[in-house]
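> From the sequence below, what's the structure:
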Amino acid sequence: MATIDRAADRTERVVAGLPKVSLHCHLIGSVEATTVVDLARKHGVVIEGGRTAEDLFDHDSYEDLDEFLRVLDVAGSVIRDADDFHRVAYESLTAGGAAHNVLYREIFLSPPGHPGVPYRTILDGVRAGMRDAEADTGIRSNLIVGLNRNGSAQAAYELVETVIENRADEVLGIGLDYSEAIGPPERFWKAFRRAGEAGLNRTAHSESGPPHHIETLLDLLGCTRVDHGYHVVDDPAITRRCVEERIPFTCTPVSSDIGRYSGSGDGTHLRIKQMVDAGLMVTIDSDDPPMFGTDPTNDFRALANALGYGLDELSALTANAVEATWLDETDRAALRRRARAMTAALAEEEEETPWRKS
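Here you go, the predicted structure:
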């Protein structure tokens, strides 16, 4: 029993102390249930079914993607003014980020998830929250504007134009989210081409579609990252291409397992293991943390426990994330140095613990 406790304690020290870089975290999905309820009260919104903070997020029901998106829309609908966006950005970056040793995050914004709210209101509120979070904790952040693939291609194009017209240094690129089955990627090629012409980086969710969707993302949409992408290992040729081109995959163990997007649904995370073993550039994040009952530390804990990963394997995932950021090389180098220093200090601390010598 003592051996088991020591092993668990060592895992906990590693996953808690590990420096983390967050490339797949949605702002709406990172709002705590208590904040959703508080903002609903502020704006006089009655939450459907009389749900409270205790039962608003029903993690087990999210095997049904439509149910998850319905709850996500509830959260988005009560974030309405600049103060709200400041609050949720600040809370997600501090308690939901820096407190877990997240050094840097590229946050997914979903303007369509806040119906009736002007883009500028969203942008100004979130940027203010980002600045205050960095001042208080040191966490740096930038933004990815998500296009709703369940809407029209024209609406997506118009949102890209809005982003360009309101260009802000913090907005590094665009993404494509919501249900892949309803919105296959090729529908949005014009919006992605326009983003590329404006110098915006591009990524897209590909969690449940066939492997050839990944080729569509790379060749038609011009993506340089893939969000999720677990089905890549179903096609050896596409896997080889992504290994050779060092295409990053932003995987989210806990949410993808609950939703069965990762092909397991049983906590084994074997798809992620296959991706790592194939030499793919895998990064780890927590997607919609409170909605799935997780956090940045817990997603690394899930892999450590399921796959036996220790500091070497987990820190390699962070190193991948550093390289996959959309920072310029100067800022990426600074982040790399910071992450390596923290990893080295953690390794030294582990070397000095009594059980490593017994």
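> Which parts of the stretch 201-350 of the chain are helices?
Here the stretch 201-350 of the chain has its helices, by DSSP state H, counting those that start in this stretch, at 212-219, 236-244, 253-258, 270-277, 296-307, 311-324, 329-351.
> Can you tell me which of those helices is most buried?
helix 253-258 (a mean of 25; mean count of other C-beta atoms under 10 Å). Glycine gets a C-beta too; all of them are placed from N, C-alpha and C.
> And the helices of the stretch 201-350 of the chain, which one averages the lowest pLDDT?
Out of those, helix 253-258 stands lowest, with a mean of 91 (criterion: mean pLDDT).
> one step back: can you list the helices of the stretch 201-350 of the chain in a markdown table and add distance to Val46?
Below are the helices of the stretch 201-350 of the chain laid out as a markdown table (distance: least, C-beta to C-beta, whole Å):
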| stretch | distance to Val46 |
| --- | --- |
| helix 212-219 | 39 |
| helix 236-244 | 46 |
| helix 253-258 | 27 |
| helix 270-277 | 40 |
| helix 296-307 | 32 |
| helix 311-324 | 40 |
| helix 329-351 | 44 |
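> Can you say which of those helices is nearest to Leu172?
Ranking the helices of the stretch 201-350 of the chain by proximity to Leu172 (C-beta to C-beta) places helix 329-351 first, at 11.0 Å.
> what angle do that closest one and helix 311-324 make?
170 degrees (axes from the mean of the first three to the mean of the last three C-alpha atoms, to 10 degrees).
> How far off centre is helix 329-351?
21 Å (C-alpha atoms, centre = their mean, to the nearest Å).
> Which strands or helices does that helix pack on?
helix 2-17, strand 102-109, helix 311-324 (3 or more C-beta pairs under 8 Å, 6 or more residues apart in numbering; DSSP states H and E).
> The shortest one pairs with which strands?
For strand 102-109, sheet partners with direction are given as strand 20-26 (parallel), strand 140-148 (parallel), following DSSP bridges.
> Kindly calculate the angle that that strand makes with helix 296-307.
Using the same axes, to 10 degrees: strand 102-109 against helix 296-307 is 100 degrees.
> hmm, back to that, which of the strands paired with strand 102-109 is buried the deepest?
strand 20-26 (a mean of 27).
> next SSE after it?
helix 33-42 (DSSP states H and E).
> Pretty sure Trp176 sits against Asn150.
Not Trp; residue 176 is Leu. No - Leu176 is not in contact with Asn150 according to C-beta atoms under 8 Å; the separation is 10.5 Å.
> sorry, back to before: got a markdown table for the strands paired with strand 102-109, with mean pLDDT and distance to Asp60 too?
Formatted as a markdown table, the strands paired with strand 102-109 follow (pLDDT from 0 to 100; distance: least, C-beta to C-beta, whole Å):
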| stretch | mean pLDDT | distance to Asp60 |
| --- | --- | --- |
| strand 20-26 | 98 | 20 |
| strand 140-148 | 98 | 25 |
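> of all the ones you listed, which lies closest to Tyr230?
strand 20-26 (12.7 Å).
> Quick one: distance of that closest one to the chain centre.
That offset, for strand 20-26, works out to 4 Å (C-alpha atoms, centre = their mean).
> In contact with the spatially closest residue to Pro248 that is not a sequence neighbour, which residues are there?
Here the nearest residue to Pro248 in space, its sequence neighbours aside, is Ala324; by C-beta to C-beta, 6 or more residues apart in numbering that works out to 3.5 Å. When contacts are counted by C-beta atoms under 8 Å, 6 or more residues apart in numbering, Ala324 is found next to 23, 225, 248, 250, 281, 283.
> Go through the residues you listed and name the one nearest Leu69.
Thr250 (19.0 Å).
> give me the number of residues near the closest one?
Neighbour count of Thr250, defined by other C-beta atoms under 10 Å: 26.
> Who are the contact partners of it?
Counted by C-beta under 8 Å, 6+ apart, Thr250 has contacts 23-24, 203, 225-228, 283, 285, 321, 324.
> closest to Glu32 among those residues?
For the contacts of Thr250, the nearest to Glu32 is Asp285 (17.4 Å; C-beta to C-beta).
> I figured the closest one hits Cys25, correct?
Yes - using C-beta under 8 Å, Asp285 is in contact with Cys25, at 5.5 Å.
> picking up where we left off before, how about TSV for the strands paired with strand 102-109, with distance to Ala195 added?
Below are the strands paired with strand 102-109 laid out as TSV (distance: least, C-beta to C-beta, whole Å):
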stretch	distance to Ala195
strand 20-26	18
strand 140-148	9
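> Out of those strands, which gets nearest to Arg120?
So among these, strand 140-148 is nearest, using C-beta to C-beta, at 12.6 Å.
> And the next helix or strand past that closest one?
Heading C-terminal from strand 140-148 (DSSP H and E), you reach helix 153-165.
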